[in-house]
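Visitor: Sequence and predicted structure below; questions after.
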Amino acid sequence: MIAIVTSVAIVFSACKKINESTELGGGLIPPVDGINTFDTSLYNVQAFNDTFGLMTDSFRIDNSQEFFMGKINNDQFFGKTDARVFLELKPTIFPFSFGNSNPAKLFIDSVVLIMDYVETYGDTNIVQTVNVYEIDQNPSNKFNSDSLYLIRKEPVTYSSLLGSRTFAPKTLGDSIKALRDTTVNQMRIRLNNSFGSRLLSYDSTKTSINGAYANDSAFKSKLKGFAIRSMSTGNSLMGFNLNGVNTKLAIYYRNDTSSTATPKLDTTIRYFVFNRLNCASANYIQRDYTGSALAASVGGSVPDPAIYIQGIPGSFATIKIPDLATLSNRVIHRAELIIEQLYDVSDTILKPPTLLYLDAIDPTISANEKFRTIPYDVSFSSSGQFNLFDFGSFPSMSMDASGNKIRIWKFNLSRYIQHVLNGTQTLYDLRLHAPFAVSEQFGIPPGSDIRVQVNVNNTIAKGRVRLGGTNHPNQKIRLRLVYSKL
């Protein structure tokens, strides 16, 4: 371990108003007069990048959340991302019928997998080739509606290709006209007609106890579901709503309703849909940091000049403020950990997370549960809402020295640091990240802890940002203190 000794950089503002704006509580902070009230910045704030591994990032989502599919292949800072969707689509009721129990009188026109499109994160112009596979029908594939699956692990195997389509994500918002279905915001992938004919053929035994459409378990024995993934280069992730009206399997077919030798063909359609109560789903997000700037910054003992934060499953930074241990007690009017975005043109396409979150690393808690909310400064209301706005998870907009628009986060640590300085609170290392949600300890130790879930961002997978770290030449991470001497 290399010992690093850095002098405390202190900037005094005497006989004038505070020169760095505070978003909240400005009226409660006394003016700086150089005698009674001081405005000081500590620049010995040490940041160390790291990534969440499979064992430390055991996050799961349910089917009410937005699911992502696609590829990002050329992010110089954060490497590659491969997102895949797995889901079941089923008849709305069992037993189910196509309207003719004689398979010889059912003729497939086409079968189309349709997904309810929400948004694209990334470049909407670069085309991607999306494949649809059938989940393998074998006993090892336990794909169940009552299970939540890790986002870092594929839940099932799949090998049979059912269909493919190459398109630019920007086209997903276009108006679609199809039989009995004119709408927008659909991803439509036509599947093999042989697969559609197979679905029709199951109808011949629909009334039998062993028929494929007799009940849910019988149907699952014939079709476990679908795996959907991008197979080509790309630079975007597409978001979908599994519970939306546009998520379904459309089976277009002709039904011979004649009782004579002369066919009477009626073209019709049936839908298999996603039912959140009895359809399994999983979202797999694979990160590959090989060759990226993030990968090059992980693992060193020297603090990093740039911080790399990526939405879950992604990366985080450990933040240390060693000089707090040497400060004498004083009255803290405001303490802000200030972190600035490092602009790059790629930020206009691969945008930052909506919110960042800061929590504490408590070494007295077991390794798997060692994180806690920042004591005194993170709180929640009777309705269970956390004070993330007051705390500083929401950024403010500013400009860097070159005139580029950037985000600045100012985390309010005033009460926590006050208790550190007066000796009633342990000084913790901190963790900066962009979670969807985090489950951790809440309370004022010792003895008053409860475990809570803090909901932060609205989705997984999307959002990444570079921030000024330790000793960055222009945009250093720093702790600003407005205080009075005792």
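Guide: That came through, no problem.

Visitor: Show me where this structure has its helices.
Guide: 193-201, 216-220, 293-297, 388-391, 414-421 (DSSP state H).

Visitor: could I get the ones you listed as a markdown table with mean pLDDT and mean neighbour count?
Guide: Yep, even glycine has a C-beta here, placed from its N, CA and C like the rest. Formatted as a markdown table, those follow (pLDDT from 0 to 100; neighbours: other C-beta atoms under 10 Å):
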| stretch | mean pLDDT | mean neighbour count |
| --- | --- | --- |
| helix 193-201 | 94 | 17 |
| helix 216-220 | 94 | 17 |
| helix 293-297 | 96 | 19 |
| helix 388-391 | 97 | 16 |
| helix 414-421 | 97 | 21 |
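
Visitor: can you give me the strands in the stretch 1-150 of the chain?
Guide: 37-42, 46-51, 67-75, 79-87, 106-122, 128-135 (DSSP state E, counting those that start in this stretch).

Visitor: Now do the buried residues in the longest one.
Guide: Within strand 106-122, the residues that qualify as buried by neighbour count (16 or more other C-beta atoms under 10 Å) are 106-108, 110-122.

Visitor: rewinding a little: any idea which of the strands of the stretch 1-150 of the chain gets closest to Phe316?
Guide: Each of the strands of the stretch 1-150 of the chain was scored for nearness to Phe316 using C-beta to C-beta, and the closest is strand 46-51 (5.9 Å).

Visitor: The closest one: partners in the sheet, and parallel or antiparallel?
Guide: If you go by DSSP bridges, strand 46-51 pairs up with strand 315-320 (antiparallel).

Visitor: Centre of the chain to the partner strand, how far?
Guide: Shown here is strand 315-320, whose average C-alpha point lies 18 Å from the average C-alpha point of the whole chain (C-alpha atoms, centre = their mean, to the nearest Å).

Visitor: same question, stretch 73-91
Guide: Mean C-alpha position of stretch 73-91 versus that of the full chain (C-alpha atoms, centre = their mean) differs by 11 Å.

Visitor: CA-only coordinates of that stretch in PDB, if you can.
Guide: As requested, C-alpha coordinates have been extracted for stretch 73-91 and formatted as PDB (Å, rounded to 0.1, in the frame of the first residue of the first chain):
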ATOM      1  CA  ASN A  73     -20.400  -1.400 -28.500                       C
ATOM      2  CA  ASN A  74     -18.300   1.700 -28.700                       C
ATOM      3  CA  ASP A  75     -18.300   3.600 -25.400                       C
ATOM      4  CA  GLN A  76     -14.700   4.500 -24.800                       C
ATOM      5  CA  PHE A  77     -15.300   5.200 -21.200                       C
ATOM      6  CA  PHE A  78     -17.600   2.400 -20.100                       C
ATOM      7  CA  GLY A  79     -17.000  -0.400 -22.700                       C
ATOM      8  CA  LYS A  80     -19.800  -2.600 -23.900                       C
ATOM      9  CA  THR A  81     -23.300  -3.400 -22.800                       C
ATOM     10  CA  ASP A  82     -25.500  -6.300 -24.000                       C
ATOM     11  CA  ALA A  83     -29.100  -6.300 -22.800                       C
ATOM     12  CA  ARG A  84     -31.500  -9.300 -23.400                       C
ATOM     13  CA  VAL A  85     -35.100  -9.800 -22.600                       C
ATOM     14  CA  PHE A  86     -36.800 -13.200 -21.700                       C
ATOM     15  CA  LEU A  87     -40.600 -13.500 -21.400                       C
ATOM     16  CA  GLU A  88     -43.600 -15.800 -21.700                       C
ATOM     17  CA  LEU A  89     -46.600 -14.900 -23.800                       C
ATOM     18  CA  LYS A  90     -49.800 -16.900 -23.300                       C
ATOM     19  CA  PRO A  91     -53.500 -17.100 -24.300                       C
END
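
Visitor: that older thread, export the strands of the stretch 1-150 of the chain as TSV, with columns for distance to Gln475.
Guide: Conversion of these to TSV gives the following (distance: least, C-beta to C-beta, whole Å):
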stretch	distance to Gln475
strand 37-42	13
strand 46-51	12
strand 67-75	21
strand 79-87	23
strand 106-122	25
strand 128-135	35
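
Visitor: Among the ones you listed, which comes closest to Ala317?
Guide: Using C-beta to C-beta as the criterion, the shortest distance between Ala317 and the strands of the stretch 1-150 of the chain is 4.9 Å, found for strand 46-51.

Visitor: Run through who's touching the closest one.
Guide: Residues from elsewhere that reach strand 46-51 (C-beta atoms under 8 Å, 6 or more residues apart in numbering): 4, 287, 289, 294, 297-298, 300, 303-304, 307-308, 314-322, 432, 469-470, 477.

Visitor: Quick check: buried residues in stretch 30-44?
Guide: Result for stretch 30-44 [16+ other C-beta under 10 Å]: buried residues Val32, Thr37, Phe38, Asp39, Thr40, Ser41, Leu42, Tyr43, Asn44.
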